[in-house]
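Trainee: give me a 3D structure for the following:
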Amino acid sequence: MKDLFFLLCSVQLLASSVAVYKQWIPNTNFENASNWDKGQIPCAHDVVLFKSNEVISIFVQSTHSLSDMYLPLTGEFIMAPGAGFAAFDGSWDPGCDPGSAVSFTDAEHYKWHDPALWHAASSLEDLEEGKYIFAVDEERVPCQYDDVIFQPETSFRVNVDSSERMIHLRSISIMGQKFTSDTAFAEYMQSGSAQRQFHGNGTFQVTNTRCPDKSGCECGNAGEHERICATLLRDSGSQCPALACKDPFQPVGHCCEICGATLSLEYTSGFDIRQYENRIRHAFLSLPKYAGVQLAISKVRKPQTFLGIVPRDSIPVIQIVLLDDKMGSQTGTNAEQLAEAILRDIAEHGDSFGIVTGTVQIATGSNSSGQRGVAAGGTAAGILTGLLGLLLLSTMLFLYRKGLIRLPSARLTGLWDRKGAQDAVAGPSDKGFDMPTDRAESHGVCPGEEVLKEMTSKDTGIYFVNPLYDETELAV
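Mentor: Now for the predicted structure:
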């Protein structure tokens with residue numbers, strides 16, 4: 001217990017400073033070979049072509065000798081110190097093939113809501129070292145409390161079309177300048193450079209605010225789900241990949257079904273999402289056997305149904321998505337093992353972290369798939385038994401009131417006599433629910449009687465026992 005307390009305190013200090021940084025990947029730099037139709041940077045013998053009506057911003061890092069260059073009418077070139085262009089003087093260039101026309105590729109197709117165009121990290125250091133974090137597709141795009149970074153010494157052009165029209169961010173950094181206020185960034189957006197960097201109907205709101213809830217905040221991209229998925233799937237052939245597991249499922253906020261495991265946690269006001277994430281990473285993901293497992297944890301809104309049929313309002317839950325690097329029949333098996341280990345940990349220590357219950361959905365390449373759950377400090381069996389009992393009781397009561405079943409009077413009398421005896425002891429404040437006692441109704445002929453005769457004999461009838469009492473006592 002002392003070690004657990006020390007762990008809780010230490011990760012609490014760490015959790016207070018955690019942020020998420022999203023870095024834009026593509027750029028329109030002159031020295032980026034992927035920006036040219038030949039797949040290489042123009043050399044001295046080449047003629048460089050830009051479309052005359054192209055709206056573009058180009059960062060140039062060094063000096064280039066060219067045979068000729070046709071410039072766009074509305075473009076801009078941002079020169080690094082010492083960078084520029086010079087006319088080709090006819091000298092031999094060992095790395096340059098015979099001259100040809102080289103065209104700058106179209107940058108209009110880069111979209112803000114494309115998950116494939118962002119890297120995410122928990123710190124600037126991790127971002128620089130390439131230690132990126134895994135997330136569901138909605139959360140790969142910048143969320144409302146994220147810090148967005150366009151790398152220094154890079155130019156870019158991005159389409160910010162938005163279904164919600166307003167894109168909320170904590171901060172945004174461009175060319176090494178960080179904007180943390182809505183006023184300052186709105187002023188920048190009026191500049192010529194910004195108008196070449198951003199296009200589309202979306203506008204930005206920069207708040208300089210972190211998530212105020214220690215249990216986590218929703219990303220805020222749910223309204224952009226269709227746009228995000230359409231953009232992502234367009235880049236991958238407009239369809240989700242084929243999977244090797246049985247009964248794959250789709251986590252909230254993701255565009256395609258997956259193999260692996262997803263946990264949904266219900267929590268109390270004492271839950272701290274970053275504290276618990278550190279718990280999982282230090283206690284489980286640090287183990288060699290889970291080295292190939294990816295973890296994504298966030299607060300999402302999960303649709304709810306009554307009895308699995310009737311839709312109800314969604315509720316906030318903590319979603320943990322686990323993927324592994326296994327293939328074939330082993331797909332998802334390491335994720336399954338980790339999910340089960342987390343469930344056991346919740347049963348033992350969940351109360352300490354503010355977790356009430358946890359359910360897991362699993363899909364693997366073997367035969368193991370399905371859903372199971374656990375309560376903090378208990379097991380799922382007791383919860384499931386209670387729910388099934390309540391469901392059975394409700395169903396029987398409904399059928400009785402509709403006249404589809406009959407309840408034999410002798411057994412009913414025993415139940416009502418016992419209930420009356422309890423009422424006499426407990427008083428009027430503890431009467432529970434009232435049961436219909438109309439003998440005429442219970443003994444009348446009902447429309448479903450012939451069907452029921454096939455299920456049970458006329459002598460025994462159909463009845464139910466109040467789960468508050470011991471059935472063996474009723475038989476006396």
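
Trainee: how about residue 118: what's its closest non-neighbour residue?
Mentor: Nearest non-adjacent residue to residue 118, counting by C-beta to C-beta, 6 or more residues apart in numbering: residue 22, 5.0 Å away. Yep, even glycine has a C-beta here, placed from its N, CA and C like the rest.

Trainee: contacts only, for the one you found.
Mentor: Residues in contact with residue 22 (C-beta atoms under 8 Å, 6 or more residues apart in numbering) are 118, 119, 120, 141, 142, 143, 146, 147, 148, 149.

Trainee: buried stuff in stretch 72-87?
Mentor: Neighbour-count burial for stretch 72-87 flags 72, 75, 76, 77, 78, 83 (criterion: 16 or more other C-beta atoms under 10 Å).

Trainee: just to revisit the earlier point, next, the residue nearest to residue 118: secondary structure please.
Mentor: strand (DSSP: H, G, I helix; E, B strand; the rest coil).

Trainee: what pLDDT does it get?
Mentor: pLDDT, residue 22: 98.

Trainee: show me what it is bridged to.
Mentor: residue 120, residue 148 (DSSP bridges).

Trainee: distance check, it against residue 121.
Mentor: 8 Å (C-beta to C-beta, to the nearest Å).

Trainee: what's the answer for residue 81, then?
Mentor: 29 Å.

Trainee: can you give me the helices in the stretch 51-200 of the chain?
Mentor: 124-129, 137-140, 182-188, 192-197 (DSSP state H, counting those that start in this stretch).

Trainee: among those, which is the most enclosed?
Mentor: helix 137-140 (a mean of 26; mean count of other C-beta atoms under 10 Å).

Trainee: quick check: which ranges of the stretch 101-250 of the chain have low pLDDT?
Mentor: By pLDDT under 70, the low-scoring segments of the stretch 101-250 of the chain are 236.

Trainee: try 90 this time
Mentor: In the prediction, the stretch 101-250 of the chain carries residues with pLDDT under 90 at positions 234-239, 241, 246.

Trainee: hey, where'd the strands end up in it?
Mentor: 101-103, 118-121, 147-149, 158-159, 166-169, 171-174, 177-179, 198-199, 203-206 (DSSP state E, counting those that start in this stretch).

Trainee: of the ones you listed, flag the one that's most buried.
Mentor: Taking mean count of other C-beta under 10 Å, strand 147-149 is the most buried of the strands of the stretch 101-250 of the chain, at a mean of 22.

Trainee: show me what it is packed up against.
Mentor: Strand 147-149 sits against strand 21-24, strand 171-174, with contacts defined as 3 or more C-beta pairs under 8 Å, 6 or more residues apart in numbering; DSSP states H and E.

Trainee: need the ones you listed in JSON lines (columns: distance to residue 64).
Mentor: Output for the helices and strands packed on strand 147-149, formatted as JSON lines (distance: least, C-beta to C-beta, whole Å):
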{"stretch": "strand 21-24", "distance to residue 64": "25"}
{"stretch": "strand 171-174", "distance to residue 64": "24"}
